[in-house]
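Trainee: Curious how this folds, go ahead:
(one chain, ligands or ions: 1)
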Amino acid sequence: MKSIILVAPPAAGKGTQSSLICEKYGLLHISTGDLIREAIAKNDEMSDYLKSQIESGKLVSDEIILKLLGSRLNEMQKGPGYILDGFPRNVNQAIQYDSMLKEMNEKVSCVIYLAISKELAEKRIVGRISCPKCGRVYNEFIAENQPKIENTCDECGIELTKRSDDNAETFGVRFQTYLDETAPLIDYYKKQNILYEVDSTLPTDQVFAQIESIVDQI
Ligand code: AP5
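Mentor: This next block holds a predicted model:
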């Protein structure tokens, strides 16, 4: 079973590439950002905490993330394989995930690092719009990623929305959180010889072509 991790700064293209990989290889997509946004929508006792972490650009606690992810991962173990988009987000989460896999006699197939500068990521985030139903991501200003009909999802035909954490101030904190907490994962996985770097500054199809050549060999 394939289990692929995408590690990248905010707005590098994790969601965009996850959809393409899942479509081509029949894998399932787990985005911890989406799991958190689903939990916020439940409006229960945890929602306020999760909302404030997301909107301030800081990470949600490891304990909550592992709880949100736990049951989803168990379901995934019976399927064809999956992509983790946004998890692990720090070395502690990676260590915990490695021991969960060990108990299931599984291991990470590969880790794909989408490399991009802060400046380009910030430009991409300004125009991001996404479908509240299927999660597909578009961009108002980047021709190749525009929906066929303005502000409408190609698949679901419903109105696209902007994320509340897609503003310049929160983006700055999210990027710094990435540098402080997530970037150390690059060395963590390099030492395990499972890290592949992709140039994510290129157009979407060219980024995907690099990913295909990696996934085809694992
Ligand atoms: P999350 O939802 O994971 O957000 P993120 O990491 O900031 O990543 P994004 O979803 O913003 O970007 P992306 O890389 O998916 O890019 P996209 O494909 O959309 O996390 C949100 C928050 O949840 C975190 O800040 C944290 O608080 C919390 N959280 C999540 N996981 C956690 C965890 N494990 N532990 C603790 N806390 C956690 O692309 C961006 C735009 O660019 C789009 O408009 C797209 O159309 C465009 N685009 C993409 N690729 C290209 C390309 N090649 N060329 C041109 N345009 C492109």
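
Trainee: Mind listing what's buried along stretch 131-140?
Mentor: Cys131, Gly135, Arg136, Val137, Tyr138, Asn139 (16 or more other CB atoms under 10 Å). All C-beta spots, glycine's among them, are computed from the backbone N, C-alpha and C.

Trainee: ok, which of the residues you listed also contact the ligand?
Mentor: Among the buried residues of stretch 131-140, proximity to the ligand is found for Val137, Tyr138, Asn139 (CB under 6 Å from any ligand atom).

Trainee: With respect to Gly157, which of these is nearest?
Mentor: Nearest to Gly157, judged by CB to CB, of those is Tyr138 at 13.4 Å.

Trainee: Check for me that that closest one belongs to a strand.
Mentor: Yes: remark: Tyr138 belongs to a strand, assigned using DSSP: H, G, I helix; E, B strand; the rest coil.

Trainee: which residues touch it?
Mentor: Listed by CB atoms under 8 Å, 6 or more residues apart in numbering, the contact set of Tyr138 reads Arg128, Ile129, Ser130, Cys131, Asn145, Gln146, Pro147, Cys153, Leu160.

Trainee: Which of these fall within strands?
Mentor: Within the contacts of Tyr138, residues falling in strands by DSSP state E are Arg128, Ile129, Ser130.

Trainee: Out of the residues you listed, give me the one that has the most neighbours.
Mentor: Counting neighbours by other CB atoms under 10 Å, Ile129 leads the ones in strands among the contacts of Tyr138 with 22 neighbours.

Trainee: Excluding chain neighbours, what is closest to that residue?
Mentor: Leu160 (4.0 Å; CB to CB, 6 or more residues apart in numbering).

Trainee: What is the burial count for the one you found?
Mentor: 21.

Trainee: who touches it in this structure?
Mentor: Counted by CB under 8 Å, 6+ apart, Leu160 has contacts Ile129, Ser130, Cys131, Pro132, Tyr138, Pro147, Asn151, Thr152, Cys153.

Trainee: In terms of pLDDT, where does it sit?
Mentor: pLDDT, Leu160: 97.
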